[in-house]
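>>> sequence? don't have it. structure:
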């Protein structure tokens, strides 16, 4: 049910919410059929909404009142929900989240990629919906001489302090609580100009790592903080201080060049366990949001690779070797590429720890440079690619096609760039065989997937 006229901007309308769009907003239509995007709406809701912006072919609205709540709407278990941008779907049932993530992926592939009959497998959620994140980056703000930790508000750089977060594993929340209790001397005196706090934990080895991102501090201050925190949080294995210069978040968290190492106490890395493998992960290296998430991805990549032992494999954006290590144990050879030198060093270590260094090598350079320089050889049987959210650069996509692999396995964290890249690969002689969605970030709109492409017989 809708009311209103053709000129709807700044009006208040009653709207029925029919679906969810990529990035999490609800979809409704005015009486004349114009689309309205509504943050925090749930399909099945009837809401009174204020139109806040007209974008020509669609409108943006804000809910003023939920007149009739959907059966899929629940009370969010966080008082910060709606103000904090850390999650978007904490007010949806788990069943609704899983359904709409699959539908949104299907829609993006159809509209942006032209894949009308998508071979979409059942969605995988490897963790519980709460307390699952063992890796997180929090923002820092100073207020009245104290630090507060939280996330950016939606569509802004204003920090919303949260104290603790229901999405974080208890080990991470314990570190945040210990930081907040640091009063003598205050953390603002020990570590001035603190910008971010990075948390990493292995729930399987019961160890955690705290990384502070800021400016250089007195070593005595860092040492004092480490031992105080260690008393409060016994699982804390290390405290690392990184510089803030040259941090580039455009690569989906895989900074290149990496933040500058300044100092540490204890370990500068953790050992994560996934899929029966142990991975050393540096404080500045990328890892999945949980060990269970990494395990699910490993399993899907190996299934799609279907290795028989004689294949030449290329692993692009390999990180710490999450896929490189299991692939190297099953293939004839693997060449991996990683532009983050600290992550590349981890990958080399992880290959050596399972005794497959003679079958695998890691190139420490950007993927585009490795392909342009023909550093991967002239051919490959299988290419595994796990790019940042921006997807594949044109040069990378052309370089992959030039290798003429029989199969391409594309691990994606963004359905829109995935759809674009799959379309381009199909135009270069590949057929989309299978897409498997994953929910590695429950309570958020983020949708991961693993896709398999095979070279067409005619190509």
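Good, I have the coordinates. None of these values were measured; they are calculated from a predicted model.
>>> wait, residue 25 sits on residue 43?
No - counting by C-beta atoms under 8 Å, residue 25 does not reach residue 43; the two are 11.3 Å apart. Using the backbone N, CA and C atoms, a C-beta is placed for each residue, glycine as well.
>>> mind listing what the helix or strand harbouring residue 383 pairs with, with the direction of each?
Using DSSP states H and E, residue 383 sits in strand 382-385. Strand pairing for strand 382-385, using DSSP bridges, gives strand 312-316 (parallel), strand 407-412 (parallel).
>>> what's the closest of those strands to residue 455?
Nearest to residue 455 among the strands paired with strand 382-385 is strand 407-412; the distance by C-beta to C-beta comes to 7.4 Å.
>>> which residues touch that closest one?
Contacts with strand 407-412, where a contact means C-beta atoms under 8 Å, 6 or more residues apart in numbering, come from 297, 301, 304-305, 323, 381-387, 391, 400, 418, 421-422, 425, 430, 448-455.
>>> from the middle of its chain, how far away would it be?
16 Å (C-alpha atoms, centre = their mean, to the nearest Å).
>>> and if you look at stretch 156-175?
Centre-to-centre, stretch 156-175 and its host chain are 16 Å apart (C-alpha atoms, centre = their mean).
>>> give me the buried positions along it.
Buried residues in stretch 156-175, counting neighbours by 16 or more other C-beta atoms under 10 Å, are found at 159-162, 164-169, 171-175.
>>> so which elements touch the helix or strand following the strand holding residue 383?
Where DSSP H and E defines the elements, the next helix or strand beyond strand 382-385 is helix 394-403. For helix 394-403, the packing partners by 3 or more C-beta pairs under 8 Å, 6 or more residues apart in numbering; DSSP states H and E come out as strand 312-316, helix 367-372, strand 382-385, helix 415-427.
>>> pairing partners for the lengthiest strand in the chain, with directions?
Secondary structure assigned by DSSP state E gives strand 58-68 as the longest strand of the chain. Paired neighbours of strand 58-68 in the sheet (DSSP bridges): strand 35-38 (parallel), strand 46-54 (antiparallel).
>>> what's next to it, contact-wise?
8-9, 12-15, 28, 30, 34-41, 45-54, 73.
>>> also stretch 306-315?
Contacts of stretch 306-315 (C-beta under 8 Å, 6+ apart): 305, 323-324, 327-328, 330-337, 376-377, 379-384, 403, 405.
>>> what subset of these is buried?
By neighbour count, with 16+ other C-beta under 10 Å, those hold 305, 323-324, 327-328, 330-331, 333-337, 376, 380-384, 403, 405 as buried.
>>> inside helices: which ones of the buried residues of stretch 156-175?
With helices taken from DSSP state H, the overlap with the buried residues of stretch 156-175 comprises 171, 172, 173, 174, 175.
>>> what does the model give the residue nearest to the spatial centre of the chain for pLDDT?
Closest residue to the average C-alpha location of the chain: residue 413 at 6.2 Å, with C-alpha atoms, centre = their mean. Reported pLDDT at residue 413 in the predicted model: 96.
>>> dihedrals phi and psi, residue 94?
Dihedral pair for residue 94: phi -60, psi -40, per degrees, to the nearest 10.
>>> quick one, what contacts the residue nearest to it when sequence neighbours are not counted?
In space, and not counting its chain neighbours, residue 94 is closest to residue 129: 5.3 Å by C-beta to C-beta, 6 or more residues apart in numbering. Residues near residue 129 by C-beta under 8 Å, 6+ apart: 94, 97, 442, 443.
>>> how close does residue 129 sit to residue 425?
Per C-beta to C-beta, to the nearest Å, residue 129 is found 33 Å from residue 425.
>>> how about residue 326?
According to C-beta to C-beta, residue 326 stands 24 Å off from residue 425.
>>> ditto for residue 447
Separation of residue 447 from residue 425 (C-beta to C-beta) stands at 19 Å.
>>> again, but for residue 162
40 Å.
>>> which pLDDT value belongs to residue 356?
89.
>>> find the nearest non-adjacent residue to it, please.
For residue 356, ignoring the flanking residues on the chain, the nearest one in space by C-beta to C-beta, 6+ apart is residue 328 at 4.2 Å.
>>> show me the contacts for the one you found.
The contact partners of residue 328, by C-beta under 8 Å, 6+ apart, come to 313, 334, 351, 354, 356, 359, 360.
>>> all helices of the stretch 201-350 of the chain, in order?
219-232, 291-305, 324-328, 341-353 (DSSP state H, counting those that start in this stretch).
>>> tell me the mean pLDDT over the third one?
Spelled out, that is helix 324-328. Helix 324-328 comes out with an average pLDDT of 98.
>>> SS state for the closest residue to residue 119 other than its chain neighbours?
Take residue 119 and drop its neighbours on the chain: the residue closest to it by C-beta to C-beta, 6+ apart is residue 434, 5.1 Å away. Put simply, residue 434 is strand when judged by DSSP: H, G, I helix; E, B strand; the rest coil.
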